[in-house]
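Chemist: What follows is a predicted protein model with its sequence.
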Amino acid sequence: MEELPMADNIYHQSNAYSLETRLNDARETPLFYKVFALAGAGMILDAADVYMAGAINSTLIQDKFASISQGSLFLSSGFLGLFVGSILAGYIGDFYGRKLSYHFNLLLFGLFTLLSAFAPNMTILIGLRFFAAVGLGAEIVTGYAVVNEFAPIKRRGHWSGMTAIVANTGAPITLLIASFMIPRFGWRSMFITMGVLALILWLARRHFPESPRWLLAKGRTEEANQIIEKLTINGLYEKDELKDADEPTIHISFARGLFIAIVAVSATLLCQYTFTSWVPTLLLKQGINVVDSIGFSAIMMIGAPIGSAIGALLVDRTGRKRLILTAFIATAVLGIAYAYERSTPGILINGFLLTITLYILVASVVSIYTNELFETSHRFRGAGIANGTSKLLNVLMPTFVAMMITQVSPSFVYYAIAGLAIIAAIIIWLFGPETDQKAIK
């Protein structure tokens, strides 16, 4: 009699393996494109929010609505909220499902962002910024991970990279919109625009599907099968269509994966956020007016989608690790060079190139490599902790930058970016695994 449960268990394991194999080799379908589009739209808002905050912060300081120290608290409250949101999203996503983690975050972000438009003083604005960021904190954890889980294994790098390209179009677009709207309608108009867009996307995502990989990991094979049927209506890729089709499964311990993810994501996002959040303010310190500083930042940020595109193009060709190491080293070199730029063309060209390297890192580290370091059962927790740690470190970043600007020299900000990039490159070179096109348990 005891053999029946064992036989039943073997059958369910075999069925789950068969379903996962189909999912791994599935051709892209309308459902996959829907997931990609909705995730990409959310990631645009996530990327746009960082640049909106930087543009608004420089305007708040310029208009005397906030001091530099209050501006740093405004940015820090956002990063603290992103930290809380990232950790919550990670645990909710792993224990209760990706769909639930994705359901309420944009509602929270949209409502508190709208309320921020009516803040009467900096104290209230800082508080509203925190709660809005808690909602947005789930986006970067969930967006890249769900694309990673819905995509076929051999196209995983391509589609995660494409998500980064789509997401980071939010950088130049937001700064161009800000350079038009803030001088004409004030900084509050940016909060209204972002809040309305977030609520529209929240409505569009009400029927977002659950991740079939998460359902399989939880033993809910029937529910997973219903979704996989929709994901395989266009059939499966043939083995010879996908290079290295028999690549073995990679096993990475949670501790090792978490260590590498924390280092890689923290270095990437600290460098990125430090540069993008403070460029308008740093340009003001060099005597460039607020309209031109936001415009210069917008030109530099055109490098964001270009860098993401380069990352997406190369990540499956060069391997994750080689591309990441090269991008970190290039970031360090350009960061030091930027500190010595004084001419307007030099500032624009060097800033543009630095933006490209930073977003090669975003495309390869945050969107692809991090999620490949963890198994399905704890992928959201691992990605959530790694992203959350980077956000917590970014809470301290505005205070550090403000101190450098007021008491030392703005150049030290760029030296710090270079130092972080070199440290991360050394650690990943020594301890980071190569996950290129490998199945992850």
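Modeler: Great, that's in hand. Predicted model only: the values in this text are computed from it and were never measured.
Chemist: quick one: low-confidence parts of the stretch 151-300 of the chain?
Modeler: Applying pLDDT under 70 to the stretch 151-300 of the chain flags residues 238-250, 277-295.
Chemist: show me where it has helices.
Modeler: Using DSSP state H, counting those that start in this stretch, the helices of the stretch 151-300 of the chain run over 156-168, 170-185, 188-204, 212-217, 221-231, 254-285, 290-301.
Chemist: what's the answer for the stretch 1-150 of the chain, then?
Modeler: Assigned by DSSP H, counting those that start in this stretch, the helices in the stretch 1-150 of the chain fall at 3-25, 30-62, 68-96, 98-103, 105-116, 122-150.
Chemist: how about those helices, which one is nearest Leu354?
Modeler: Proximity to Leu354 (CB to CB) singles out helix 30-62 among those, at 15.1 Å. To be clear about C-beta, it is placed using only N, CA and C from the backbone, and glycine gets the same treatment.
Chemist: Spatially central residue in the chain, please.
Modeler: In the chain, the residue lying closest to the centroid (CA atoms, centre = their mean) is Ile140, at 4.3 Å.
Chemist: how much space is there between it and Gly319?
Modeler: Ile140 sits 24 Å away from Gly319, going by CB to CB, to the nearest Å.
Chemist: for Phe374, same thing?
Modeler: In terms of CB to CB, Phe374 sits 19 Å off from Gly319.
Chemist: higher neighbour count, the two?
Modeler: Phe374 (24 against 17; other CB atoms under 10 Å).
Chemist: Now that one: phi and psi?
Modeler: Main-chain dihedrals, Phe374, degrees, to the nearest 10: phi -130, psi 150.
Chemist: quick one: contacts for it?
Modeler: Listed by CB atoms under 8 Å, 6 or more residues apart in numbering, the contact partners of Phe374 are 252, 254, 257-258, 261, 381-383, 440.
Chemist: got the contact list for Ala151?
Modeler: By CB under 8 Å, 6+ apart, the residues touching Ala151 are 32, 158-160.
Chemist: Tell me the one among those nearest to Met403.
Modeler: The shortest approach to Met403 among the contacts of Ala151 belongs to Ser160, at 36.3 Å (CB to CB).
Chemist: a markdown table for the helices of the stretch 151-300 of the chain, including distance to Arg98 and mean neighbour count?
Modeler: As requested, the helices of the stretch 151-300 of the chain are arranged in a markdown table below (distance: least, CB to CB, whole Å; neighbours: other CB atoms under 10 Å):
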| stretch | distance to Arg98 | mean neighbour count |
| --- | --- | --- |
| helix 156-168 | 15 | 26 |
| helix 170-185 | 22 | 20 |
| helix 188-204 | 16 | 18 |
| helix 212-217 | 6 | 24 |
| helix 221-231 | 11 | 17 |
| helix 254-285 | 18 | 23 |
| helix 290-301 | 30 | 22 |
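Chemist: closest one to Leu125 among those?
Modeler: Closest to Leu125 of the helices of the stretch 151-300 of the chain is helix 188-204 (CB to CB; 9.1 Å).
Chemist: Please verify my assumption that Ile68 contacts Leu60.
Modeler: No. In this structure Ile68 lies outside contact range of Leu60 using CB atoms under 8 Å: 9.9 Å.
Chemist: ok, so of the contacts of Phe374, who is nearest Met397?
Modeler: Of all the contacts of Phe374, Ala261 has the smallest distance to Met397: 19.1 Å, by CB to CB.
Chemist: Report how many residues lie close to the residue nearest to that closest one when sequence neighbours are not counted.
Modeler: Using CB to CB, 6 or more residues apart in numbering and skipping residues adjacent in sequence, the residue nearest Ala261 is Ala386, 3.7 Å away. The number of residues packed near Ala386 is 30, by other CB under 10 Å.
Chemist: With Asn371 instead?
Modeler: By the criterion of other CB under 10 Å, Asn371 has 26 neighbours.
Chemist: I figured it hits Thr163, correct?
Modeler: No. The pair Asn371 / Thr163 is not scored as a contact, 10.8 Å apart, by CB under 8 Å.
Chemist: okay, and the common contacts of those two?
Modeler: Common neighbours of Asn371 and Thr163, counting by CB under 8 Å, 6+ apart, are Tyr144.
Chemist: Touching, Leu361 and Thr326? I think so.
Modeler: No. Applying CB under 8 Å, one finds Leu361 not in contact with Thr326, separated by 10.0 Å.
Chemist: And those two? Which one has more around it.
Modeler: A direct count of neighbours by other CB under 10 Å for Leu361 and Thr326 places Leu361 higher, at 32 against 17.
Chemist: Spit out the contact partners of the residue nearest to Ala261.
Modeler: 258, 261-262, 264-266, 370.
Chemist: Settle this for me: Ser418 is touching Ala330, isn't it.
Modeler: To be clear, residue 418 is Ala; Ser isn't right here. No. Counting by CB under 8 Å, Ala418 does not reach Ala330; the two are 10.6 Å apart.
Chemist: Show the backbone phi and psi for Asn388.
Modeler: Careful, residue 388 is Gly; it's not Asn. The phi/psi pair for Gly388 (degrees, to the nearest 10) reads phi -60, psi -40.
Chemist: Do you know the pLDDT at it?
Modeler: As predicted, Gly388 sits at a pLDDT of 83.
Chemist: What is the neighbour count of it?
Modeler: For Gly388, using other CB under 10 Å, the count is 24.
Chemist: next one: Phe118
Modeler: Using other CB under 10 Å, Phe118 has 12 other residues around it.
Chemist: just Phe431 next, same as before
Modeler: 11.
Chemist: so can I have CSV of the helices of the stretch 1-150 of the chain showing mean pLDDT?
Modeler: Shown next, in CSV, are those (pLDDT from 0 to 100):
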stretch, mean pLDDT
helix 3-25, 58
helix 30-62, 86
helix 68-96, 86
helix 98-103, 80
helix 105-116, 92
helix 122-150, 88
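Chemist: Please identify which of these is closest to Thr221.
Modeler: Of these, nearest to Thr221 by CB to CB is helix 3-25, at 5.3 Å.
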